[in-house]
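> Here is my input, please return the structure:
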Amino acid sequence: MTIRKNLGLVGAGAMLMLGAGVGIAPAASAASTGDGQAVSTSQSSKGQVKSGVGTKSLSKAGGAAAASEGDVSINANCWNGSRSGRNFYMTCSGNGYRVYVDCSNGYRYTFGTYYYGTWNHTLTCPVGTNAVWGGSIGG
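Residues are numbered from 1 along each chain as shown. This is a model prediction of the structure:
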């Protein structure tokens, strides 16, 4: 079982390196999990990789991006935020924070994984939408 788990991590790392080498964002393959889902792919400063599916919340009428309404105080530090099409990219550091992406369909997608330390995040909105911005909660 441990050998399979280690081989899986090595394979995931190799796929990320291959994707970076040919100019493809790491989330490109993760985005194929479902047309109506937002997905995340995150890599720690130590090379650990985590992926997840977002939970839709904070609907806004008219297709505007969801705004922060009473979120927990944000104590994680995030930087290098940028977006391109469906993807939002950022680097964050903190203790016990989660990440989210606001998409052009008017929903915020929050990912349930708690992160500790420094991570590079690629958050991908569902097919047919674009990333508006993202951030972290908690930390």
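> In the protein, spot the strand with the most residues.
strand 87-103 (DSSP state E).
> Give me the buried positions along it.
By neighbour count on 16 or more other Cβ atoms under 10 Å, the buried set for strand 87-103 is 87-94, 97-103. In this view, the C-beta of every residue, glycine as well, is placed from N, C-alpha and C.
> and these, which two are the farthest apart?
Across the buried residues of strand 87-103, no pair lies farther apart than 93 and 103, at 24.4 Å, counting by Cβ to Cβ.
> now the strands for this structure?
Under the criterion DSSP E, the chain contains strands at 39-44, 49-53, 55-57, 77-84, 87-103, 108-110, 115-124, 131-138.
> could you say what helices and strands the third one packs with?
For strand 55-57, the contact count by 3 or more Cβ pairs under 8 Å, 6 or more residues apart in numbering; DSSP states H and E identifies strand 108-110 as packing neighbours.
> Adjacent strands (with direction) for the strand it packs on?
strand 55-57 (antiparallel), strand 87-103 (antiparallel) (DSSP bridges).
> so for it, what's the average pLDDT?
Mean pLDDT, strand 108-110: 96.
> Same question for stretch 123-136.
The pLDDT scores in stretch 123-136 average 97.
> mind checking the end-to-end distance for it?
Length of stretch 123-136, first residue to last, Cα to Cα, to the nearest Å: 12 Å.
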